[in-house]
Structure formats: C-alpha cells, structure tokens
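[1] what's the 3D shape of this:
(one chain, ligands or ions: 1)
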Amino acid sequence: MKTANPSQLGISELLPTPRGVALALMTACRQEDITISEISKLIQTDPALSGRLIKKANMTGLSTRTITSVPDAIARVGLNAVKQLAMGFSLIDQYQIGTCNQFDYQQFWSHSLLMAIASQELVKSTRLCSPDELFACGLMARIGCLALATIYPEKYSELLEKQTPDLTLIDLEKQFLQTNHNELTAAILNNYGFPQIFVESIYYHETPEESCFSEGSRPYQIVHLLYMAKLIADFGLSPESEQNKYTTELMLLGGKMSLDTESLGLFIDDVIKDWQTWGELLKIPAAELPPFHKIINNQIARPESTVDKFSLRILIVEDEPSNLVLVEELLSRILGHTVFTACNGKEALSLAVEVLPHIVITDWLMPVMDGLKLTQSLRATDWGQNLYIIMMTSLDDEEEVIEAFDAGVDDYVTKPINIREFRARLRAAWHYRKLQESWERDHEQLKRFTAELAVTNRKLEHIALTDMLTELPNRRAGTEALSKAWNDTGRSNQQMFVILIDIDHFKKINDTYGHAIGDQVLKKIAAAFRAIGRKNDVFFRIGGEEFMAIHLNDDTDAKPAVLFAERLRQHIAALQINIDSFHMKISISMGIAIKEKNMKTEDQLLSAADKALYAAKKTGRNKTCLFIDNKIVDCNSN
Ligand SMILES: Nc1nc2c(ncn2[C@@H]2O[C@H](COP(=O)(O)OP(=O)(O)OP(=O)(O)O)[C@@H](O)[C@H]2O)c(=O)[nH]1
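    Just a heads-up that it's a prediction; the model follows:
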C-alpha cells in the first residue's frame, strides 16, 4: 500500500478536516482517560449530531430496545464508531458545495452514503467487525476524491473531463497530480485515526485483486465486502440505461455469498430504502429505484420486443400454391424466418428429418398424407416431441379443433390468414421454443451439477475444517479433535495434553508492516509448527494469532509434553523470518494442561490450558507455563 505524504506534496493545510464538535471529538478521543460521560456532553452540544447518532444506533442495533439518549447511543455504537461517524457527518455538512466545477459534490456524498449503508448491511451477516465502523468506512472510502477536488479545483475539473474507459481517473490523477485518490484517502484516514486494517482495506477496495491479502483472511474479506458495497453504490447512482453494467457482477458476487437473485434483490431494495431515509436526514439526494427484481426482469425481457426478428426454422406444408406463397412470403420476407416448404405430409416428413425445424405449420386437407396424419407421425418420433405444430384450417368447427389437438397440434389458425393474429401465434410458438431450450439447458446443467456436487461436497467438508490462511485445521476441527482425544484417552492408557499457543505482540507486526505481511508471518509460524511436530501432534489455528496442539503420550508424567512445548518455543524464538525486504524475529507464549482425574469435560482441560497461557503472558511472554494439580508452574524458572 502506498500512502500519500500530504506534507511532502505541500497540501497538509488544505485537506478536508472536520470542524466543531467532530474535531473536538477527534482530539478528546486521543486522551486515554476520556469517559463516555465526557464524550456524551461534548456531542450533546451539537443537536444535529446527537439526533443522527441516536438514529444510527436505532437503525443498526439488533436489540428491540429504542435508544433515546446520546450516552445509550454511544454504548450501543461504540466509541470508535461514534468518532468516525461524527467526522463523516461533519464533512458532509461542510462539503455540500465547492469550487471544483466538474466535481458533483452532492453526487459524491450520495454515492458515499449508499456505499456506507451497503457496507454496514453486508457486514452484519459476518462477524468481521462492527457494522457501524464499516458504515463509517463506506462513507469515507473515497474521501481522497473530495480532497483532490478541494485542493486542486481547476486541475481536477480538467481531469474529470478527460476521463475515458481507457484513461481512468486513477491514471490521470497519477499523471497530473503525482498522487491518486486512494493514496490520499489512506493518508487522511490514518490522520483521522482509523484502524490500520480499515485503511488498508479501503485503499484496495476498488481493485481488490491488487491487494496481497491472503484468501479468507479478515482484511481479504473486508476488502471484498467494500468492493461489493461500492458496486451497489455504482449501480444505485447509474442511469437506467447503464444499470445492466452492474447487475451481472452483483448477481455473481451475491452467489458467492449464497444469496440467490431473489434474496440479493430484497437485500438491495432494503439498502436503497435505508439510503433514502438517511438521504433525507443528511440532506443528500437519494434516488427512487424500482425493485431490483423489476430491473432484472426488464433486462431479461428486452429481447422479447425483437421476437419477430428472431430467426426460427419453419416448415410450411401446404398443397395450395397461392396460400403457400402467401405464408412463405409472410414468414420469410416480412418476419425474417428461415422457411422450408413441402406440398404434402409425406414430403414434409422426410424434409423435417433433414432440416429439424423449430415449428411446423401444416394444412389439414392434403393429398397423399393429410395434416392430422403428419402430426401423428411427427409426434411418434423422439425429436418430433419437441416440435411446435400449428394447423392451418378453413374449418373452425369445435369438434374438428378438438380432433386436431388430440392428434398432437399445439395451436391452429384459420384461413384466410390474418397477419396480426398469425404473428401473435408465432410469438407464442417462439416463447414455447425458448422455454423448451432453457428447460433442456437446465436439464443438462442439472446433470452436470449433480456430478460436480459430489466433488464440491468433499471439498467443502475439507474447507469447513481448514483455516484458509495457514492451511492448518481450524477451530471447528480443533473442537472435534479435542472431544475425540478426550473420549479415546478415557478408554486407553494414553495421557492427553493440550497446549495453547499465542504469538507475542502480534498486533505490533500488523501495525508496523501491515496486515498482508502479518498474514505471511502467520503462514510461516504455521509451517514451522508443522515441521517440528511429530506424527501424533496436531496443530490447529483456533483464532487470529492463537493456536492449539493436542499432544498424546504413553507417559503419565508431564515432562515430555513440557519438553515438546519448550522445543517448539525455542525453535520459534530462534527463527529468522524474512518476508520481502522485512526481517523479524518473534516469540510465542504457551499454556499446557494435563487431563486430570477431577476434570469432567474437555472444556475444563481447555480452560486450564488457558489459565496457564494467561500466566505465561502475564509473567513476561516467550515462555511456557503448566497447569497441574490446580497450580500453575512456570516451566522456565529454575
Ligand atoms: N494479519 C492478520 N492479523 C490478524 C488476523 N487475525 C487477527 N489478527 C490480529 O492479531 C492481533 C492480536 O492482537 P492482540 O490480541 O492485542 O495480541 P498481541 O498484540 O499479540 O499481544 P499479546 O497477545 O498480549 O502478546 C490484532 O491486531 C488482530 O487484528 C489475521 O488473520 N491476519
């Protein structure tokens, strides 16, 4: 990630800065001993901000209790989110207009607000972070654009006009301003005190594929979530004619989140509704959109208007030359279909095998083989089942019509042919063909899916039990293994030990080198565990930087388990970790517990190991503590 350096660019003074209460909040929150009551008092001096925060707390809380006071709103939303929201709201009020002619300030906030709401709603189904914090991230995700429009009003106006699909805003910014809006956004958010994980995720949210976050990691999920929120905002603000640019990708991303088109539609409709409510509150335009399913249906339905242009293979069977010419002319020259002709049923049968028509239009009364016989013969074949057969008849007698349907025709027209009616009936035939084709496609797909499902199920089972970053078995696998080992050792003479491992000061690694490097460190540690463990020692990643090992031993003494843990600790402490140009050393703390007679469940064993780990952390880190006989033993003191 490359952050802009505003002071080097000489623009520090010109960056958008929140004013009034928001600015005071920023300063106040830097004090470590600040209390909620002091923050409440500060916010209450601004009635508009108080109202917005209370509304925010009521909109996102899972509880049904209505919030009516600022202190309650802070308690529900959290201090961090309150600070971020206050900054966002303040900037919205200050920057509703500006001097950059081509920059649409109102549209900018409208987009940001929709992205904020979409981010907040998307994150609710995960436990990645607080929805309110992600709301603030969405709101500020493109603050760099506003900054560039504020700092360089004229130049930025020119750039905005120069944009083309091949010449993106980012390229132009880089070329003419020696920075870009993402770099500036990152610098501003750093300055506002946004946590690093959000700053990095926002930086890459327009092009998540450029981030080096490992698949499945927290920043990876946040950056993809912000990308989808941005797509929803792009969709919400695009003119009707351009909405289809976004719908396909939205459906695709929705699919990845297990949202079918209907659920995705309902989700987006709700987001748009919230957007309008917030728009009113913040005096930001928020357009009315038709329900998502209608937009999709319109896009799918559009080809129907060109039904007549859709070329079908049609076989006309008619013995009367003047009528044959008329129908052929109508179908081929006026309606543009590919037409084949035959003058009796027998001829038609052999031609049909050759040209495989979509539709057969046949006269009833003909020499050699009449229309009814032809229909019955066609229906007797496999491929003839799917044909659409229209009977032409001068008869409009109810009994005759029933006979024709009994023989297998799908529709009939009476002679002389009425062009409008004929066209309408052809449209029905076209729909039938389309349905049939899509059914055939679905059927084929279903067969393929069933085969793929078996493979996918096996892969899913593996994924559900594996941590994607380190490829170690995950917490769920750990819980299952723990329970199995507990039961197995109950039946055998083996002794069971649980070792909880926590990397020391891992937050510092993230803060110093960024989350992407932090992820690489986790991978290296996991690889080291795998390398040093014996066949019977399985390691699990049970949390961010927390691991667990289950150690089984024939010896009832704790010594071998302690020796094993110590070997591990010393190995990690001696490990030189090199990633790109960064070189670092890290350490781990460990808590061991032995399955003791008085323990009733595996949870008690785990909790004993946790107590030992806590003691190892508390008494200096880079050490091993053992919980035994209700006491904690420091394994590194002599
Ligand atoms: N890079 C990365 N960081 C993670 C991941 N999961 C959790 N973290 C980070 O791990 C850090 C854990 O920090 P703390 O719980 O404060 O612990 P610590 O800094 O290791 O301090 P001690 O445990 O007390 O030594 C936080 O910064 C989390 O954001 C992950 O998948 N990738």
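
[2] any idea how far the ligand is from the residue of the chain positioned farthest from its centre?
    Largest separation from the mean C-alpha position in the chain: residue 367, at 64.8 Å (Cα atoms, centre = their mean). Here residue 367 is placed at a distance of 81 Å from the ligand (Cβ to the nearest ligand atom, to the nearest Å). C-betas here are computed from N, CA, C, even on glycine.

[3] OK, contacts around that residue?
    By Cβ atoms under 8 Å, 6 or more residues apart in numbering, the contact list for residue 367 reads 319, 344.

[4] what of residue 589?
    501-502, 504, 613, 616-617, 621-624.

[5] ok, those vs residue 176, which is closest?
    For these, the residue nearest residue 176 by Cβ to Cβ is residue 504; the value is 46.4 Å.

[6] what does the closest one show for phi and psi?
    Backbone geometry at residue 504, expressed as degrees, to the nearest 10, gives phi -80, psi 140.

[7] can you pull the pLDDT of it?
    Looking at residue 504, its pLDDT is 97.

[8] for it, which residues are in contact?
    Going by Cβ under 8 Å, 6+ apart, residue 504 touches 586-589, 617, 621-622.

[9] buried ones from the residues you listed, can you make that a PyMOL selection?
    To isolate the buried members of those in PyMOL, using 16 or more other Cβ atoms under 10 Å:
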select buried, resi 586+587+588+589+617+622
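
[10] among the contacts of residue 504, which are located in strands?
    588-589 (DSSP state E).

[11] keep only the contacts of residue 504 that also lie close to the ligand.
    617, 621 (Cβ under 6 Å from any ligand atom).

[12] so which residues of the stretch 51-200 of the chain form helices?
    Remark: helices assigned in the stretch 51-200 of the chain by DSSP state H, counting those that start in this stretch are 70-77, 79-94, 105-124, 131-140, 143-151, 153-162, 169-177, 181-192, 196-203.

[13] comparing those, which stretch has the densest surroundings?
    helix 131-140 (a mean of 27; mean count of other Cβ atoms under 10 Å).

[14] mind putting the contacts of residue 504 in CSV, pLDDT included?
    Output for the contacts of residue 504, formatted as CSV (pLDDT from 0 to 100):
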residue, pLDDT
586, 96
587, 97
588, 97
589, 97
617, 96
621, 95
622, 96
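
[15] now render the contacts of residue 504 as TSV, adding distance to residue 150.
    Formatted as TSV, the contacts of residue 504 follow (distance: Cβ to Cβ, whole Å):
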residue	distance to residue 150
586	42
587	46
588	47
589	48
617	46
621	46
622	49
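
[16] of the contacts of residue 504, closest to residue 159?
    Taking Cβ to Cβ as the measure, residue 159 sits nearest to residue 586 out of the contacts of residue 504, at 44.5 Å.

[17] residue ranges for the strands of this structure, please.
    Under DSSP E, the chain gives strands at 313-317, 338-342, 359-363, 388-393, 411-414, 495-503, 538-541, 546-553, 577-579, 582-584, 588-594, 624-628, 631-634.

[18] and these, which one averages the lowest pLDDT?
    Across those, strand 411-414 has the smallest mean pLDDT, namely a mean of 86.

[19] which neighbours does that strand have in its sheet, and in what orientation?
    Strand 411-414 has the following sheet partners, assigned by DSSP bridges: strand 388-393 (parallel).

[20] ok, residue 110 - contacts?
    237, 279, 284-287 are the contacts of residue 110 under Cβ under 8 Å, 6+ apart.

[21] please compute how far stretch 5-20 lies from its chain's middle.
    34 Å (Cα atoms, centre = their mean, to the nearest Å).

[22] hmm, who's touching it?
    With Cβ under 8 Å, 6+ apart, stretch 5-20 has contacts from 23, 26, 46, 86-87, 90-91, 94-95, 143, 146-147, 150-151, 178-179, 184, 187-188, 191.

[23] let me see the contact set for residue 590.
    Contacts of residue 590 by Cβ under 8 Å, 6+ apart are 499-502, 565, 568-569, 612-613, 616, 623-625.

[24] including distance to residue 558, could those residues go into JSON lines?
    As requested, the contacts of residue 590 are exported to JSON lines (distance: Cβ to Cβ, whole Å):
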{"residue": "499", "distance to residue 558": "11"}
{"residue": "500", "distance to residue 558": "15"}
{"residue": "501", "distance to residue 558": "17"}
{"residue": "502", "distance to residue 558": "20"}
{"residue": "565", "distance to residue 558": "10"}
{"residue": "568", "distance to residue 558": "15"}
{"residue": "569", "distance to residue 558": "15"}
{"residue": "612", "distance to residue 558": "11"}
{"residue": "613", "distance to residue 558": "16"}
{"residue": "616", "distance to residue 558": "15"}
{"residue": "623", "distance to residue 558": "16"}
{"residue": "624", "distance to residue 558": "11"}
{"residue": "625", "distance to residue 558": "12"}
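
[25] closest to residue 232 among those residues?
    The shortest approach to residue 232 among the contacts of residue 590 belongs to residue 502, at 38.1 Å (Cβ to Cβ).

[26] burial of the closest residue to residue 499 other than its chain neighbours, as a residue count?
    In this structure, residue 499 finds its nearest non-sequential neighbour in residue 549, 4.4 Å apart by Cβ to Cβ, 6 or more residues apart in numbering. Number of residues near residue 549 (other Cβ atoms under 10 Å) recorded here: 23.
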